[in-house]
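> One predicted model, sequence on top.
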Amino acid sequence: MQSNIRKKLLEAFAQAGDEFISGQKIAELTGASRTAVWKHIEDLRNEGYVLEAVRKKGYRIVSIPDKMSADSIRLQLKSKILGQQIHFYDCVDTTQRIANELANTTGVEGTIVVADEQTAGKGRLARQWHAAKGKGIWMSILLKPNIPIHQAPKLTLLTAVAVVQGIKEVTGITPQIKWPNDILLNGKKITGILTEMQAEADGIHSVVIGVGINVNQQIEDFSPELRDIATSLLIENGQMLSREELICSVLYHFEELYATFQRDGFASIKALWESYAINMGKTITATTAQGRITGIALGITEDGVLLLKDADEKVHSIYSADIEI
């Protein structure tokens with residue numbers, strides 16, 4: 001019950017923004033007494049939140065602690081479904097593992113798992129993902145989509161668009177997408193996306209999408225072998241960013257795109273993906289299990305398959321590959 005009051009209190013502050021909200025109004029919104037409200041406000045102060053109290057006006061939050069938490073994320077949440085359940089950890093092996101466990105127990109659609117540090121993060125093809133403490137976003141999103149199994153890979157492409165839009169909203173810079181699931185700035189990777197599905201013959205049980213974003217790392221946070229291929233928003237943009245603001249922006253755009261996808265199909269999202277793609281219309285090399293194919297990237301199909309036209313004008317359908325640009 002206490003955590004539910006805390007959640008409603010933070011939602012009330014989030015909706016109020018910079019405006020004051022009265023103790024009576026907070027009591028009505030949370031369903032708690034004014035004495036209980038005061039206790040929760042004091043708890044927030046003890047945790048490092050700076051609150052201003054003005055007689056006959058009420059309360060407002062002036063600043064939040066530097067340390068990320070479920071509460072600090074919830075304060076900036078704009079989405080209605082994604083992030084309504086937040087599981088936050090200081091350190092985990094992988095948020096994917098926890099989200100997949102939640103998918104089989106108490107997790108509902110829109111649940112997110114966020115960690116300040118991740119010790120065993122993996123990307124596509126089980127590659128290790130460097131996840132420094134307090135510097136990036138290590139998050140998994142739990143979905144229970146009502147779509148056919150064969151459409152699940154489209155959610156990876158949708159996620160890439162949401163991340164690009166979230167970064168653009170917060171920083172003003174527009175990253176590019178490298179098929180299928182890498183996001184680049186100035187040719188270097190800032191984001192990886194990993195999609196895992198639990199399904200049975202009759203349909204999808206759950207989809208867990210892992211998102212790793214390099215936010216506030218400095219050059220020395222990357223090992224020498226990574227410095228030529230990986231970067232962060234701080235390195236490229238020159239500004240420290242609020243990870244909570246970026247998480248909430250990505251979730252907001254994801255929710256909008258996800259609703260569009262389930263209502264209207266993939267066409268508009270496909271067009272957005274192609275508009276952000278770094279390799280469309282360019283000559284690239286795809287290394288597949290069958291060999292290497294060099295050609296011009298024509299775009300993606302409705303199923304997210306990359307189309308590559310070689311020197312003999314033959315169009316190849318690329319389902320899985322490493323791409324060199």
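Looks like it arrived, so ask away.

> Show me where the stretch 51-200 of the chain has its helices.
Per DSSP state H, counting those that start in this stretch, the stretch 51-200 of the chain carries helices over the ranges 70-74, 95-103, 154-171.

> How about the stretch 201-325 of the chain?
Secondary structure of the stretch 201-325 of the chain (DSSP H, counting those that start in this stretch): helices located at 233-237, 243-264, 267-276.

> between the ones you listed, which gets nearest to L102?
helix 243-264 (16.6 Å; Cβ to Cβ). In this view, the C-beta of every residue, glycine as well, is placed from N, C-alpha and C.

> Kindly calculate the angle that that closest one makes with helix 267-276.
130 degrees (axes from the mean of the first three to the mean of the last three Cα atoms, to 10 degrees).

> got the angle for helix 243-264 vs helix 154-171?
Going by the same axes, to 10 degrees, helix 243-264 makes 140 degrees with helix 154-171.

> returning to that earlier point: tabulate the helices of the stretch 51-200 of the chain (a markdown table), appending distance to T260 and mean neighbour count.
Converted to a markdown table, the helices of the stretch 51-200 of the chain look like this (distance: least, Cβ to Cβ, whole Å; neighbours: other Cβ atoms under 10 Å):
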| stretch | distance to T260 | mean neighbour count |
| --- | --- | --- |
| helix 70-74 | 24 | 21 |
| helix 95-103 | 23 | 21 |
| helix 154-171 | 9 | 23 |
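
> Of all the helices of the stretch 201-325 of the chain, which one is nearest V207?
Ranking these by proximity to V207 (Cβ to Cβ) places helix 243-264 first, at 10.6 Å.

> elements contacting that closest one?
Counting contacts by 3 or more Cβ pairs under 8 Å, 6 or more residues apart in numbering; DSSP states H and E, helix 243-264 packs against helix 70-74, strand 112-115, strand 136-143, helix 154-171, strand 203-214, helix 267-276.

> Make TSV out of those and add distance to Y319 and mean pLDDT.
Shown next, in TSV, are the helices and strands packed on helix 243-264 (distance: least, Cβ to Cβ, whole Å; pLDDT from 0 to 100):
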stretch	distance to Y319	mean pLDDT
helix 70-74	35	91
strand 112-115	29	97
strand 136-143	22	97
helix 154-171	13	97
strand 203-214	18	95
helix 267-276	16	94
